[in-house]
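A.B. asks: coords please:
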Amino acid sequence: MYVFRFHISSFHSFLVNFLQPSRGVGEPSRLLDHLETHPSYMRRVTSTAVHRTVSSVLSPALLPSFNGTLLLSVCFASCSAAPVRNLYKRLGLDHKATSEEVKAAYRQRALECHPDVVDDNRKAQAEVDFRAVSEAYDVLIDPQKRKEHDKALGLERTVPPAKKQQEGEGVGCDSKGSFNRGVTRPRNRKPFVRGDADRNFREAFHGMSLDQVLFRERLRQRRMQKQMEEKAKEGDDGSPAGREESIRRVAAAAAERFAEKVRRQYGPGMLRHARVYTSLSRDPQPPPSDYMPFRPFHGWTVPNGVRTPPEPTLGPTAKVEDVKDVQLAEPAVGDASHQRKLPKHFPVVQAPDGSSLLREEAIACMERERRLPHNMGKLYSYHRPY
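C.D. replies: I've put the predicted structure just below:
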């Protein structure tokens, strides 16, 4: 939106003819003709913009106030100085392309200009190109963003006559001196960074990273090579065509560039010794060695021809006659060699008949008393021997 202010004191020679009170308000068409003939005062405005703006801004309430030093403010509606980006050209598409065509074109362009598959001297430019095509995909794959982009390019659908009439009536100058033509300004969006580009890349390739895409492409190349060899033996040299095949060729070229880059960085034998293993067979496999340094687990059987550590053996047991009936040898009660002599200060426990009891017998007697329904006041009394 540009605002131009004209000091009409310098135009006194030709404005008096249009702004005299006796003649009334000057005709806007004659004033427009004179304004258009002075490009030094209106260099940034076209004749169409002047005709639309002055005819709507100059009102009879403002013009009769001319006193020889009139300051007239005229507002001109204009587009922003920055050109509108055509995101269709970034992907090489037409504005009528479908979502599938947008995704296919992005996948092809992203594999061509991904920074990880180009040479080091082209990495900076590839970073810029990768962000550009990812930003174009982010806008064109979203219906709402694509509609706004088409509107900015002037590719919006035809507006009904009733709507056009409402928009024409809405053109005018508000209290702040700006025109409300119904033109929507572009929203301030955050900058498109590399993280957004990687997110769009994974979304376009069904959640796969670049390494996974190239790995699948290498596997597909091997399968295709085997199929072509088989067809060559049979005499069939037919090859598929179409957009999918072009994407596959681009992916194959990207995989070759990536492999060459890995060879330069890690040496020529890095990818030579790589092996691709399929799912392991469920059939019994031969043992890797003839010796297993541990005993098999419970329920496992040792394969034939495999040695294991020997089973542990138990030592001799003390007088075990039968496994179910184990009897341990006990010393006789009357054996003096096994009797324990109590200290002199230790109380002597007497039986009801007055004979002294041994320590083991006294403990057994106390245990019987403790298990009785009542202890007869002896458990916590001074008669307790221990």
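A.B. asks: Compute the number of surrounding residues for residue 92.
C.D. replies: Residues near residue 92, counting by other Cβ atoms under 10 Å, number 11. Quick note: C-beta positions are derived from backbone N, CA and C, even for glycine.
A.B. asks: what's the pLDDT at it?
C.D. replies: What the model reports as pLDDT for residue 92 is 87.
A.B. asks: go on, residue 340?
C.D. replies: We have a pLDDT of 61 for residue 340.
A.B. asks: Then residue 313?
C.D. replies: 78.
A.B. asks: Am I right that it sits in a strand?
C.D. replies: No. Per DSSP: H, G, I helix; E, B strand; the rest coil, residue 313 lies outside any strand segment and is coil.
A.B. asks: Can you tell me how far it is from residue 292?
C.D. replies: 20 Å (Cβ to Cβ, to the nearest Å).
A.B. asks: Neighbour count for these two, which is higher?
C.D. replies: residue 292 (15 against 5).
A.B. asks: Tell me who's in contact with the nearest residue to residue 308 once chain neighbours are set aside.
C.D. replies: The shortest distance from residue 308 to any non-neighbouring residue, by Cβ to Cβ, 6 or more residues apart in numbering, is to residue 292 (5.1 Å). Residues in contact with residue 292 (Cβ atoms under 8 Å, 6 or more residues apart in numbering) are 302, 306, 307, 308.
A.B. asks: and the first one, that's in a strand?
C.D. replies: So the one you mean is residue 302. No. Counting by three-state DSSP, one finds residue 302 to be coil, located in no strand.
A.B. asks: Look at it and say how many residues are nearby.
C.D. replies: For residue 302, the count of nearby residues is 12 (other Cβ under 10 Å).
A.B. asks: go on, the second one?
C.D. replies: Neighbour count of residue 306, defined by other Cβ under 10 Å: 13.
A.B. asks: correct me, but it touches residue 293?
C.D. replies: No. Using Cβ atoms under 8 Å as the test, residue 306 is too far from residue 293 to be in contact (10.8 Å).
A.B. asks: what is in contact with those two at once?
C.D. replies: Counting by Cβ under 8 Å, 6+ apart, nothing touches both residue 306 and residue 293.
A.B. asks: which residues of the stretch 201-350 of the chain fall in helices?
C.D. replies: Using DSSP state H, counting those that start in this stretch, the helices of the stretch 201-350 of the chain run over 210-234, 243-266.
A.B. asks: other SSEs contacting the shortest one?
C.D. replies: The one in question is helix 243-266. Other elements packing on helix 243-266 under the criterion 3 or more Cβ pairs under 8 Å, 6 or more residues apart in numbering; DSSP states H and E are helix 99-113, helix 210-234.
A.B. asks: Now mean neighbour count, mean pLDDT and distance to residue 358 too, for those, in CSV please.
C.D. replies: As requested, those are exported to CSV (neighbours: other Cβ atoms under 10 Å; pLDDT from 0 to 100; distance: least, Cβ to Cβ, whole Å):
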stretch, mean neighbour count, mean pLDDT, distance to residue 358
helix 99-113, 19, 86, 96
helix 210-234, 13, 78, 84
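A.B. asks: Skipping its backbone neighbours, what lies nearest residue 351 in space?
C.D. replies: With Cβ to Cβ, 6+ apart, the residue lying closest to residue 351 is residue 357, at 5.5 Å.
A.B. asks: just residue 92 next, same as before
C.D. replies: residue 105 (6.1 Å).
A.B. asks: OK, contacts around that neighbour?
C.D. replies: 91, 92, 93, 97.
A.B. asks: ok, it to residue 138 distance?
C.D. replies: In terms of Cβ to Cβ, residue 105 sits 14 Å off from residue 138.
A.B. asks: Now do residue 134: how many residues are near it, please.
C.D. replies: Quick note: residue 134 (other Cβ under 10 Å) scores 27 neighbours.
A.B. asks: That one contacts residue 196, correct?
C.D. replies: Yes. Counting by Cβ under 8 Å, residue 134 does reach residue 196; the two are 6.7 Å apart.
A.B. asks: So what does residue 193 have for phi and psi?
C.D. replies: Main-chain dihedrals, residue 193, degrees, to the nearest 10: phi -110, psi 180.
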